[in-house]
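Novice: Quick one, structure for this:
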Amino acid sequence: MAAKATIHKALINIANMDENYYEEHNLTLAQHPSENNLRLMIRLIAFILNANDTLMFCKGISQDDEPDLWQKSLSGDIEMWIDLGQPDEKRIKKACGRSKSVIIYTFKESIASTWFKQIENSLNRFKNLQVVHLNIDGDIESLTKRSMTIQCNISDNELTLIDDDNSVVITQDIYK
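Specialist: You can find the predicted model right below:
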């Protein structure tokens with residue numbers, strides 16, 4: 001019998017001073033059996049950084065033709081496609097062809113910088129693509145719980161996540 005996804009509930013209070021966005025989101029995240037806590041939290045960070053009422057978590061890791069998150073218009077067009085990690089050029093081309101805006105969040109410095117150096121020249125043709133590296137200062141996995149309440153403060157392109165016991169700061173390096 002196949003292992004089932006672990007369900008996480010997250011109450012996220014976002015205060016994004018950079019975008020004048022102040023909202024509370026009650027989220028349900030399904031953690032695929034092959035997904036570790038770090039990647040789960042990176043998905044949550046990607047949501048926080050792009051939060052709006054139509055941004056949704058997708059099947060992502062378990063479905064090749066869907067991103068980790070996306071935002072669709074009322075007509076079903078993909079407005080934003082968000083992937084995590086180091087997708088190959090074929091996947092990036094597909095995403096850029098299907099969506100108005102594509103964001104890739106990388107999060108492991110040594111792997112991410114090597115990947116980007118190898119693929120950088122081939123990415124120049126994708127005008128709707130943004131590649132962002134997340135620098136994490138603190139133990140992001142310590143925030144992972146089955147039921148989470150997290151305060152998220154964004155100011156000067158710096159994200160601070162705070163729960164009852166921990167605080168983690170995330171900065172962003174724009175690769176492309």
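Novice: Where do the helices of the protein begin and end?
Specialist: Here the chain has its helices, by DSSP state H, at 37-49, 89-98, 109-123.
Novice: can I get these in CSV with mean pLDDT and distance to Leu69?
Specialist: Backbone N, C-alpha and C define where each C-beta goes, glycine included. CSV is the format used below for those (pLDDT from 0 to 100; distance: least, CB to CB, whole Å):
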stretch, mean pLDDT, distance to Leu69
helix 37-49, 96, 6
helix 89-98, 94, 12
helix 109-123, 92, 18
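Novice: The residue nearest the centre of the chain and Met56: what is the separation?
Specialist: What sits nearest the mean C-alpha location of the chain, by CA atoms, centre = their mean, is Ala46, with 2.5 Å. Separation of Ala46 from Met56 (CB to CB, to the nearest Å) stands at 12 Å.
Novice: again with Ser110
Specialist: Separation of Ser110 from Met56 (CB to CB): 31 Å.
Novice: higher neighbour count, the two?
Specialist: Met56 (11 against 7; other CB atoms under 10 Å).
Novice: show me the residues around the more buried one that make contact.
Specialist: Leu69, Trp70, Gln71, Lys72 (CB atoms under 8 Å, 6 or more residues apart in numbering).
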